[in-house]
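1. generate a structure from the sequence data that follows.
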Amino acid sequence: MRVLALAVLCAVALAVGGSDDLNQRIYTTVQTNGACVRLLDVNGPAGCQSPRTGAVGILYKASTAQELADFALATEEGYVVLLTQALFKLDTTLPFLEGLGHYKGALVYNDGFGAVTDEYSPASIRPNNLFGLPYEPTSPAWNSVGGGHGTGNEEGSAWLDLKRPIFQLRDDNVASVMARYNQRNQAVAGKQGSYPLWAVELNSWMYATKDAETCLRRGHCEPLGSGSPWGTVRPLTSADEVVMISAKLDAMAFFHDDAFGADADASAIVAAIAAADVLSQQAGVRDLPKNIMFSLFHGEMFGYIGSSRMAWDISQSPSTFPSEDAALAMDRVEYLLELDQLMSGSDTLSLFSEYGSAKDTDIFNALSGATGGLSVTVADETGTDLPPASVRAFLREIRDTPTREAFGGAVLASYSNTGFDNKLYNSRFDLGELYDIEEGTVSTAANRVCEAATLVARAAWKLADPGAAAQTFTANCTFANELLYCVTVDRNCSLVQEYTGLFGTGPINRYVGVYAGNFVNTETHFFHRALAMALAVDRDVDVPAGSCSSNTFAPDYGLWPFPGDKCVNSSTWIARAISPAFTLTGGLRALGSSASDYTDGRDPRYSTWTESYWDDPIDSRIFLVEDPSMQLATLLGGLAYFVGICIAISAFTSYVSAPSAVPVSQLVQD
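-> Down below sits the predicted model:
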């Protein structure tokens, strides 16, 4: 009996142990670049998710408008649509699919889309229109290729509340999936081929529901956020007036794993760092009457998260940013010059501001007087309108109207007041290759970024010391081009290895992610180290190996370790980038009142975006599925087989466990 039991247990163990092998025989992983995920703010959800058990459907290809229309006639219970990018970008496609009961999800693939002349943006027409200083009613359609949804068709597809999962098929996996489809699934007028057919399972279950307030209370989401690298040419003091140069650090895309943003806004990041690099090497820069500060604000694509936090911090009474002993107050930010998209458009850079204050004019004059020897020029658009920019977060935080209208805040970009020249704004196709960014060769676009860096550095000097003569120094275009290449083309480059040792290939993904307190991701560390090196007072501090660490805090000089035991001394730090709508522990602050200008609580124009937790893994797989009638027959046959086996085992067990007959003579004692 024990031998039989052991045999049964061994058989079960072998069956369980072989389940992984069986799984691999049935399913093939579909290689993707990630999935559309679920975000939530106080107004509700955006993005996508699958059912908890996954979304399963027969693979159906829609590469033309007719094939997509024919899908409405498809007769099976569920389908996953293999959707070409050219159809995916259309405003009508997702609402059409979401209205069909047999649509279970989509795999989006690129069919050659993404040339510099193509147009696609999942962002809104007026990005961040719910955050910071409100747009004027006459504000231009800055992102004219975006929108298509919501009120007035202003909302981009990235902000839709979609009920089915959408994955992005990796380019090198398209041929494999397409071969399977062509083998068995080709449809004519919505009717599939003969069974067995290829089916796909998409898994992207998200826990959070309803809105940010609900999911935070249930512990199902976390606020978006990270850290904003910032630094000054000399340690900040409580008496310093500041000229601030800024850029948006993050990018976004419909699929967050592909948030590369070469023009929006890697070009601005590189120009800011290259400007810091050339400025810090000029004699006398640390003795200027005003300090010069560089800020790379994180989370800007999701409601000006980093800039609104810094603006809120320095507006507190008293301010404690960056420390109580050297606090920066809003009235000591003399000028804020923000850099935006610089590679698309022309060599005529436009300077935008909201009010056209005297300080805005100072910024324009400083820039226009710094163009000597450069091919770029500056057009005065001050006082006309302000594009989507971090400056809007600062202006919103200045509650006194006359003070706000006198503030010196402007945006420098290569587009005009008719809107963005970048027609791939906030899409995965905004890549360095479109602008011929190459390692070792300074392209036309890279040269414009470098000239913008020179222009901004010279202008910052003039704003910091109005009595100074015009400067003639120039930014290092070799450095600017290499940094641009690392960020927008391939992070497997010498600068990245020198600064952080960030692994991988391809452009740097700059999606902000969720706030993690004092911890930031490797990508943010890279940009901090790049800025620290650019602003360093000593780029090779002589310290014993392994001892490059600082006991100082912002805004003093700090020692920052680099790979290879290199040590850099720089007044460069990382500020919190979490919306002031949240406490530092991630709780949602109570809504303030308009009567107090929302100084008694949360401003409704602060970002409240959160990201849902999800079940691991987020994945997709493909497998063959039989005709439903055949599946039923197989199920019934399997059940009959199982019942038969159970009866046989029961009979056999009864037989082997029955007591043997004993002779009567053995039961009678002598």
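2. C-alpha only now, for contacts and for neighbours.
-> Noted.
3. quick one, strands of the stretch 451-600 of the chain?
-> Per DSSP state E, counting those that start in this stretch, the stretch 451-600 of the chain carries strands over the ranges 558-562, 566-570, 572-578.
4. and the helices in the stretch 501-650 of the chain?
-> For the stretch 501-650 of the chain, applying DSSP state H, counting those that start in this stretch gives helices covering 522-534, 628-657.
5. looking at the ones you listed, which one has the lowest mean pLDDT?
-> Mean pLDDT is lowest for helix 628-657 among the helices of the stretch 501-650 of the chain, at a mean of 60.
6. quick one, what contacts the nearest residue to Thr237 once chain neighbours are set aside?
-> Nearest in space to Thr237, with sequence neighbours left out and distances taken as Cα to Cα, 6 or more residues apart in numbering, is Ala326 at 4.7 Å. Listed by Cα atoms under 8 Å, 6 or more residues apart in numbering, the contact set of Ala326 reads 236-239, 320, 555.
7. which helix or strand contains Ala326?
-> In the assignment (DSSP states H and E), Ala326 maps to no helix and no strand.
8. give me the distance between it and Arg38.
-> 40 Å (Cα to Cα, to the nearest Å).
9. same thing with Phe254?
-> Taken as Cα to Cα, the span from Phe254 to Arg38 is 11 Å.
10. which one's more surrounded, those two?
-> Arg38 (28 against 23; other Cα atoms under 10 Å).
11. quick one: contacts for the closest residue to that one other than its chain neighbours?
-> Closest residue to Arg38 apart from its sequence neighbours, by Cα to Cα, 6+ apart: Gly47 at 4.7 Å. Taking Cα under 8 Å, 6+ apart, we find Gly47 in contact with 36-39, 158-162.
12. what residues sit buried inside stretch 144-158?
-> 144-149, 154-158 (16 or more other Cα atoms under 10 Å).
13. and the nearest residue to Gly148 once chain neighbours are set aside, what element?
-> Using Cα to Cα, 6+ apart and skipping the chain neighbours, the partner closest in space to Gly148 is Asp91 (5.3 Å). For Asp91, there is no helix or strand it lies in under DSSP H and E.
14. and if you look at Asp380?
-> strand 377-381.
15. can you list the strands that that strand pairs with?
-> Strand 377-381 has the following sheet partners, assigned by DSSP bridges: strand 348-352 (parallel).
16. three-state assignment of Ala393?
-> Here Ala393 is helix, with the state taken from DSSP: H, G, I helix; E, B strand; the rest coil.
17. looking at the strands of the stretch 451-600 of the chain, which one is packed in the most?
-> strand 572-578 (a mean of 27; mean count of other Cα atoms under 10 Å).
18. using CSV, write out every CA atom in that strand.
-> This file holds the C-alpha atoms of strand 572-578, laid out as CSV (Å, rounded to 0.1, in the frame of the first residue of the first chain):
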residue,chain,number,x,y,z
THR,A,572,24.4,70.7,-7.2
TRP,A,573,21.5,68.9,-5.5
ILE,A,574,18.2,67.1,-6.0
ALA,A,575,15.0,68.8,-4.9
ARG,A,576,11.8,66.9,-4.1
ALA,A,577,9.5,66.6,-7.2
ILE,A,578,6.2,65.7,-5.7
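19. got the contact list for the closest residue to Phe623 other than its chain neighbours?
-> Nearest non-adjacent residue to Phe623, counting by Cα to Cα, 6+ apart: Tyr27, 5.0 Å away. Each residue near Tyr27 by Cα under 8 Å, 6+ apart is listed here: 621-623.
20. mind doing that once more with 10 Å?
-> When contacts are counted by Cα atoms under 10 Å, 6 or more residues apart in numbering, Tyr27 touches 199-201, 620-624.
21. likewise for Asp118?
-> Counting by Cα under 10 Å, 6+ apart, Asp118 has contacts 86, 422-424, 429.
22. neighbour count and distance to Val378 added to those, as CSV?
-> Converted to CSV, those look like this (neighbours: other Cα atoms under 10 Å; distance: Cα to Cα, whole Å):
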residue, neighbour count, distance to Val378
Ala86, 20, 37
Asn422, 26, 19
Lys423, 21, 22
Leu424, 27, 24
Phe429, 25, 28
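23. need those residues in CSV with pLDDT, can you?
-> Shown next, in CSV, are the contacts of Asp118 (pLDDT from 0 to 100):
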residue, pLDDT
Ala86, 96
Asn422, 96
Lys423, 96
Leu424, 97
Phe429, 96
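24. kindly reformat the strands of the stretch 451-600 of the chain as a markdown table containing distance to Asp436 and mean pLDDT.
-> Formatted as a markdown table, the strands of the stretch 451-600 of the chain follow (distance: least, Cα to Cα, whole Å; pLDDT from 0 to 100):
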| stretch | distance to Asp436 | mean pLDDT |
| --- | --- | --- |
| strand 558-562 | 30 | 93 |
| strand 566-570 | 32 | 95 |
| strand 572-578 | 32 | 96 |
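25. how about the contacts made by the closest residue to Asn129 other than its chain neighbours?
-> Spatial nearest neighbour of Asn129, excluding adjacent residues (Cα to Cα, 6+ apart): Tyr135 at 6.8 Å. Residues counted as contacts of Tyr135 (Cα under 10 Å, 6+ apart) are 126, 128-129, 354, 385-388, 392.
26. per-residue confidence at the most centrally placed residue in the chain?
-> When Cα atoms, centre = their mean is applied to the chain, the residue found nearest the centroid is Tyr511 (1.8 Å). As predicted, Tyr511 sits at a pLDDT of 98.
27. do Thr599 as well
-> 89.
28. same check, this time on the one 10 residues further on
-> For Trp609, the model assigns a pLDDT of 98.
29. what sits against it?
-> So Trp609 contacts 39-46, 211-212, 221-225, 299, 302-303, 305, 514, 579, 581 (Cα under 10 Å, 6+ apart).
30. okay, and which of these map to helices?
-> The helices, defined by DSSP state H, take in 212, 305 from these.
31. among the contacts of Trp609, which ones are in strands?
-> 39-41, 44-46, 221-223, 225 (DSSP state E).
32. buried subset of these?
-> Of the ones in strands among the contacts of Trp609, these count as buried by 16+ other Cα under 10 Å: 39-41, 45-46, 221-223, 225.
33. going by distance to Gly504, which of these wins?
-> Distance to Gly504, by Cα to Cα, is smallest for Gly225 among these, at 23.1 Å.
34. that closest one contacts Ser308, doesn't it?
-> No - using Cα atoms under 10 Å, Gly225 is not in contact with Ser308; the gap is 11.6 Å.
35. intersection of neighbour lists for these two?
-> 299-300, 577-579.
36. will you turn those residues into CSV that also has distance to Thr472?
-> Compiled in CSV, the shared contacts of Gly225 and Ser308 are given as follows (distance: Cα to Cα, whole Å):
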residue, distance to Thr472
Gly299, 35
Glu300, 33
Ala577, 35
Ile578, 39
Ser579, 40
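37. does Phe407 touch Arg396 like I think?
-> No - contact criterion Cα under 10 Å: Phe407 and Arg396 do not qualify, at 11.2 Å.
38. compare those two (neighbour count), which wins?
-> Using other Cα under 10 Å as the criterion, Phe407 and Arg396 rank with Phe407 on top: 26 against 21.
39. who's in contact with that one?
-> By Cα under 10 Å, 6+ apart, the neighbours of Phe407 are 330-331, 333-336, 353-360, 394-395, 398, 401.
40. can you check Ser295 too?
-> 228-232, 244-249, 269, 272-273, 306-307, 310, 338, 531, 572-575 are the contacts of Ser295 under Cα under 10 Å, 6+ apart.
41. which residues does the closest residue to Asn551 other than its chain neighbours bridge with?
-> Distance criterion Cα to Cα, 6+ apart; nearest residue to Asn551, sequence neighbours excluded, is Gly558 at 7.8 Å. With DSSP bridges as the criterion, Gly558 is bridged to Ser570.
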